[in-house]
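Visitor: Quick one, fold the following:
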Amino acid sequence: MSDQLAANEALDRALKLRLEELRPKPTVMTYNCLKREGIHTVGDIVAKTEAELLDMLRGNWKGVDEVNLLLAELNQTHGLDLKLTASEIRDRVLGLDIEEFEPSTGTYNCLKSEGIHTVGDLIAKTAEELLLVLRGSRRRLEEARGLLQQVNKTYNLNPALELRPGDSPFL
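Guide: Down below sits the predicted model:
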């Protein structure tokens with residue numbers, strides 16, 4: 001396994017860690033504030049700015065420091081650098097190969113033959129364009145739609161980071 005692949009897998013595992021799985025655990029106050037704001041995973045945390053976290057933690061700088069310490073511990077334990085911004089996480093997910101989500105052979109072959117290799121390539125298409133790429137198959141279009149829903153679920157993306165093409169009725 002290449003070093004880059006191992007690093008990507010370690011980062012993916014870390015981003016999917018739920019608050020309950022963090023060691024050391026966050027304090028009850030920090031945990032409750034984050035959960036109330038819809039923060040469930042490390043990926044949700046690193047998608048926020050320090051100012052947003054401060055607001056979520058009701059102006060409690062001690063809570064922000066605690067979150068930073070939790071991330072520092074994860075970085076040290078897993079050899080990571082979890083100071084990502086929301087756009088970096090989104091870009092990373094957009095670069096994922098669609099093959100990782102195991103589409104059917106027919107759907108996969110249609111997409112590949114038209115140069116659609118990544119999640120980003122997929123969401124750049126409108127529903128009409130994809131219908132042409134998928135040879136008019138509404139079943140394959142629904143499968144591609146399900147693939148993107150799986151991406152959002154797998155990576156626990158915040159609603160602000162969900163993969164939705166701007167002008168496409170695809171999703």
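Visitor: Pull the number of nearby residues for the residue nearest to residue 99 when sequence neighbours are not counted.
Guide: When the adjacent residues along the chain are set aside, residue 99 lies closest to residue 108, with 6.6 Å between them (CB to CB, 6 or more residues apart in numbering). Every C-beta, even on glycine, is put in place using the N, C-alpha and C of the backbone. Residue 108 is flanked by 18 other residues according to other CB atoms under 10 Å.
Visitor: What distance do you get for residue 108 to residue 14?
Guide: Using CB to CB, to the nearest Å, residue 108 is found at 29 Å from residue 14.
Visitor: Could you do residue 54 as well?
Guide: Distance of residue 54 to residue 14, given as CB to CB: 23 Å.
Visitor: neighbour-wise, which of these two wins?
Guide: Per other CB under 10 Å, whichever of residue 54 and residue 14 has more neighbours is residue 14, with 20 against 16.
Visitor: Quick check: which element contains the residue nearest to residue 99?
Guide: Of the helices and strands defined by DSSP states H and E, residue 108 is found in helix 105-113.
Visitor: Can you name every helix or strand that that helix contacts?
Guide: Under the contact definition 3 or more CB pairs under 8 Å, 6 or more residues apart in numbering; DSSP states H and E, helix 105-113 sits against helix 138-154.
Visitor: Using CSV, write out every CA atom in the helix it packs on.
Guide: Extracted in CSV, the C-alpha atoms of helix 138-154 (Å, rounded to 0.1, in the frame of the first residue of the first chain):
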residue,chain,number,x,y,z
ARG,A,138,-33.6,6.2,-15.7
ARG,A,139,-32.6,3.2,-13.5
ARG,A,140,-29.0,4.1,-14.0
LEU,A,141,-29.7,7.8,-13.3
GLU,A,142,-31.4,6.8,-10.0
GLU,A,143,-28.4,4.6,-9.2
ALA,A,144,-26.0,7.6,-9.8
ARG,A,145,-28.3,9.8,-7.6
GLY,A,146,-28.1,7.1,-4.9
LEU,A,147,-24.3,7.0,-5.2
LEU,A,148,-24.1,10.7,-4.3
GLN,A,149,-26.5,10.2,-1.4
GLN,A,150,-24.1,7.4,-0.3
VAL,A,151,-21.2,9.8,-0.5
ASN,A,152,-23.0,12.3,1.7
LYS,A,153,-23.9,9.6,4.2
THR,A,154,-20.5,7.9,4.2
